[in-house]
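**Student:** could you work out the structure for the sequence below:
(chains A and B)
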Amino acid sequence: MKKFILIYLFFVVQLFGMSAESKIMKLIFESIFQKQVVIVFVDSEQKSDIIKDAGFVVAPSCSKADVIYTSDILEHCAQKPIFTDNYETFKQNRNVFGAFYWTKGRPNIMFDSKRMEVLELILPENLKKYDIGLAK
Amino acid sequence: MKKIALSGLVAFSLFGDDLDSLLDNYAVENDLSNKTKVEKTGSTQLIVYTREDLDNLQYQSLKDVLTMQRFYTYRENRFGQTDLIDAEPLAISKAGQIVKLYIDDHELTSLQYDSMIQLLGNIELDFVDHIEIYQGPPSFDITTQASVVVFKLYSKDPSRDNGYRIGTAVNNRKSSNTFFHTAGSEDKLKYFLYTSTNNFQSEKIKNGSTDLSRDENRLHLFSTFNYDEHQFLLQYLTKEKDGFLTNSFDATPTKDEFEDSLLHFGYKRTFLSDHSVEFKANFTRVKSEADLLDDMPYLTSQHLSQTASVNQLVALNNPLSLIASQIVANSGGAFSEDTPITFTNTGIYGDRYQSTDDVFTAVLTKKYNFENHKFFLGLSLRDKKLSYDTNQYITSAGNISVGAIPILSYSDTYGTLAKTNYLSKQTIYSTFAQDAYSINDNHTVSFGVKLEKEENAYYDNATLSTGRLSHTYEKDNLMLMTYYTHMDVNKNSSYFNSAGKNLENETTDILGHETKYIGDNFDINYNILYITMPNLIYIDAATLSYVNMTEDYKLLLNSIMLNYRFNENNTLMIEPWYQYVKAKQINDFRSYAAGMNSRLVNKFKNITLYNELVLLNNNPKYLPDEYELQYNLGVTYKYNSDLALYIRGVNVFGGRSGFSYFNYKDKNENINSIEETYTIGLEYTF
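**Tutor:** Below you'll find the model as predicted:
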């Protein structure tokens, strides 16, 4: 039981030390990829810090990653599921399944469940309210 | 293994499934003003109005922010323009010299309006993301200009506000304002475009047969463009305004028309990977037009002729007079309801002018961080030009007898007088440096120095110096800061006299201390300032010319601010303050004032309520005590994240909130700078 409490506290402390952005990324990727440690390829140092802060692993190349987190489309990673922080990238590319971006002065999250189906991903119940189902 | 999975699950459940609340936290954590709060700790007292504050409070203009400041509240001068400190006499504004206004880190200044707080003190806030207020002389990374209070307005970020926003509001005095903004991006270009129209109506004050008006119509266009490291700002503002009392001694102007336009271009960029080198340039052009006519002007708003000196004697206790109390105070208690006292006046009856006021500023700075030092070095150039395209006067035909009611006829013919534009050009070269040295984890000493060369077209050139020394002690939640600042202040165009070319630049010395403690659900900040101005420029009543004082003008200011958070939805701010002013040379004038600002904000789901109370008690020598009370309240209802409706009541008890004027007919008269208004408005984002 002591061990359980210690492990529990470890997780709790980790969570409360995280930035809100890391918490958001942790929630999204854990829910979608159904694993504790998601391997993510990123396009910037800033995103790398966020992903590490979330307790995930930053992949050295996109071929080893579960998901790509990027602002613009990276041609050599186009076959992987892509999550973006740029609404234009989300709108224009079919393999981008979700976006976390600023608009109208506030942060927003969007997913496209139909694109996710093609990528063999399932949008979990807790994220369904952010589904816009672009389907193109 | 099961236990690990279980603990992970429990920890996961701490998030809940509520991504919405995480997004809310993220928005708060990433509020643009947070960057300032982190970077600028250790500076003088910083008050921030965040984006959320401005959205919840639905402040209509900078006037609402100025109202809630310690030591002063929003005031207007005889022309109905913002003037936080003096309000009288006429166009002289000390506030312009020590209260600085910035938009997107570009200082707005001019020869005529100095800090432009006079011109833009009621600028609308719909284009603003957040506001930083530095109360006390700040360190050089905030401003290198001599200042006691700095207002920094930051416009909305193009990368965050893409989309469209429209809003409109009307009030019970038939004032209205409408705004629209959009932001977006095209490849590397990010843009923010904003426009607003404002029509301000205020109560017309009847003085004899004259309706005194300070109505204003304003159009404002504002834009920013970001491309890589380059940041451009372009704005244009034009306003037509009624001149209220103007320079009419008895407050019965025949004509009182003002029109101002501001064109502002700013550019900023950083260099090097650590962005430690910054260059910014700023150009403003203010074009002003005025058409004034009166039978008994006090002084003209513009530069007088060196040769124009017609003596005009006016009885202060004329039954038609509506005299500013400060004028009475300046008379040194000589006024009496029964015994006439006289003022010597210059007899200019009509004044029409068009002026162009250009300011160009370029600033280059470099920051070095090494070992325990934070070093800051910079150069700046500021060039100011003021020219008159038209300048015409009608002069008087004769003098007025003591005690008489003036009855004069005008000639329609305007003549052009030879007159001197005393500050047609001013160029200021500056170099400055500051080092903040951390002695250990708790103690930091900061020292800054600025040297300036001021070249004037009329007055003698001057070499100015500013120095700032501070010690900060920080441990856990406690911060103590003690500082001393010496400032030489640049001359401005208000000194329109021919007293001589050797008018000295004013000097200000400030000794200050603040103690700040941050608790779990509160923070408290005690602040004391002792200000001495040994050579303040003022109007000598005997010669009606501007001269340097030979004795110190002194102020002692005290305040304590408490911010208390009952929980995340309910907050209270309360700030009592006290000030003492002594000016031996102005008839041994003394003034004691005390006040308190407070604000309670409560949120219930989609509804935000706020209540504000402003109290002030002023006890100036020679004048009756003044009591002021202003109570504001507002409700904002967010139907959803895109649509907000609000109702605001300002000065709902119609309490006194402005300078008093003395009316010998009614014995006393108060003209509110903050009128009783009720506003309803909505904002929609799409």
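**Student:** so where's chain A uncertain?
**Tutor:** Low-confidence segments of chain A, defined by pLDDT under 70: A:1-17, A:133-136.
**Student:** helices of the chain, start to end?
**Tutor:** Unless you meant another one, I'm taking chain A. Secondary structure of chain A by DSSP state H: the helices cover A:2-17, A:20-33, A:45-53, A:87-92, A:113-118.
**Student:** sorry, I should have been clearer: chain B.
**Tutor:** Along chain B, the segments classed as helices by DSSP H run B:2-15, B:19-29, B:32-39, B:51-57, B:62-67, B:94-98, B:117-120, B:325-330.
**Student:** worst mean pLDDT among those?
**Tutor:** Here the lowest mean pLDDT among the helices of chain B goes to helix B:2-15, at a mean of 43.
**Student:** okay, now the residue nearest to B:Asn25 when sequence neighbours are not counted: neighbour count?
**Tutor:** Nearest non-adjacent residue to B:Asn25, counting by Cβ to Cβ, 6 or more residues apart in numbering or on different chains: A:Ala20, 4.2 Å away. Yep, even glycine has a C-beta here, placed from its N, CA and C like the rest. Counted with other Cβ atoms under 10 Å in any protein chain shown, the neighbours of A:Ala20 add up to 18.
**Student:** OK, contacts around A:Ala20?
**Tutor:** Contact partners of A:Ala20, counting by Cβ atoms under 8 Å, 6 or more residues apart in numbering or on different chains, are B:Leu22, B:Asn25, B:Tyr26, B:Val28, B:Glu29, B:Asn30.
**Student:** residue contacts, the residue most central in space within chain A?
**Tutor:** By Cα atoms, centre = their mean, chain A has its centre lying nearest to A:Phe29, at 4.3 Å. With contact taken as Cβ under 8 Å, 6+ apart, A:Phe29 is in contact with A:Val38, A:Val40, A:Ala54, A:Phe56, A:Asp66, A:Val67, A:Phe83.
**Student:** swap the cut-off to 10 Å and go again
**Tutor:** Residues in contact with A:Phe29 (Cβ atoms under 10 Å, 6 or more residues apart in numbering or on different chains) are A:35, A:37-40, A:51, A:54, A:56, A:66-67, A:69, A:83, A:98.
**Student:** of those, just the buried ones, PyMOL syntax please.
**Tutor:** In PyMOL syntax, the buried subset of the contacts of A:Phe29 is picked out as below (16 or more other Cβ atoms under 10 Å in any protein chain shown):
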select buried, chain A and resi 38+39+40+51+54+56+66+67+69+83+98
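**Student:** out of the contacts of A:Phe29, which two sit at the greatest distance?
**Tutor:** A:Val37 and A:Gly98 (19.4 Å; Cβ to Cβ).
**Student:** with distance to B:Leu464 added, can I get the contacts of A:Phe29 in a markdown table?
**Tutor:** What follows is the contacts of A:Phe29, written out as a markdown table (distance: Cβ to Cβ, whole Å):
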| residue | distance to B:Leu464 |
| --- | --- |
| A:Lys35 | 66 |
| A:Val37 | 62 |
| A:Val38 | 60 |
| A:Ile39 | 61 |
| A:Val40 | 56 |
| A:Ile51 | 52 |
| A:Ala54 | 53 |
| A:Phe56 | 56 |
| A:Asp66 | 63 |
| A:Val67 | 59 |
| A:Tyr69 | 53 |
| A:Phe83 | 56 |
| A:Gly98 | 58 |
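**Student:** hang on, the earlier thing: give me the buried subset of the contacts of A:Ala20.
**Tutor:** Neighbour counting by 16+ other Cβ under 10 Å classes B:Leu22, B:Asn25, B:Tyr26 among the contacts of A:Ala20 as buried.
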